[in-house]
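Requesting a structural model of the entry that follows:
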Amino acid sequence: MSNSSSISPFLLLALVDMGQLQLLHFCLLLGISLAALLGNDLIISTVACGHYLHTPMFFFLLNLALSNLGSI
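Have a look, this model is predicted:
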């Protein structure tokens, strides 16, 4: 019995040659990551500065935003 596995080419390798698509993808990913960072910073600053938001639910929301900030 012979091995009949084959390797298919990776489809995103064609994007390396096109500079305009690289710039588009870079700008798209930069925008998404900056929006996520800004959203997490907004949550952190709102919970930290609002004294009436010091309840367990907002404590866990703050911890979730901090852990998400580290994973971005």
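
now the host helix or strand of I32, how far from the centre of its chain.
If you go by DSSP states H and E, I32 is part of helix 19-49. Distance of helix 19-49 from the chain centroid (Cα atoms, centre = their mean, to the nearest Å) equals 7 Å.

Over to stretch 52-71?
On Cα atoms, centre = their mean, the centre of stretch 52-71 falls 17 Å from the chain's centre.

Counting neighbours, show which residues of it come out buried.
F58, L61, L62, A65 (16 or more other Cβ atoms under 10 Å). Bear in mind the C-beta positions are built from the backbone N, C-alpha and C, glycine included.

now stretch 65-72: mean pLDDT?
For stretch 65-72, the mean pLDDT works out to 89.

Quick check: pLDDT value at the closest residue to T46 other than its chain neighbours.
Using Cβ to Cβ, 6 or more residues apart in numbering and skipping residues adjacent in sequence, the residue nearest T46 is L53, 7.0 Å away. pLDDT, L53: 89.

Could you do C27 as well?
Looking at C27, the pLDDT reads 93.

Mind checking which of the buried residues of stretch 52-71 are in helices?
F58, L61, L62, A65 (DSSP state H).

what's the closest of the residues you listed to I44?
When those are ranked by distance to I44 (Cβ to Cβ), A65 comes first, at 5.2 Å.

Roughly how far does that closest one sit from D17?
Distance of A65 to D17, computed by Cβ to Cβ, to the nearest Å: 39 Å.

Tell me how many other residues surround N40.
20 (other Cβ atoms under 10 Å).

Would you check how far apart it and S71 are?
10 Å.

Next, the contact list for the closest residue in space to A36 that isn't next to it in sequence, please.
Computed as Cβ to Cβ, 6+ apart, the closest residue to A36 that is not its neighbour in sequence is I72, at 5.3 Å. The contact partners of I72, by Cβ atoms under 8 Å, 6 or more residues apart in numbering, come to S33, A36, L37, N40.

Now the first one: closest residue in space that isn't a chain neighbour?
Same thing as S33. I72 (5.8 Å).

and if you look at I44?
Looking at I44 with Cβ to Cβ, 6+ apart, the closest residue is A65, at 5.2 Å.
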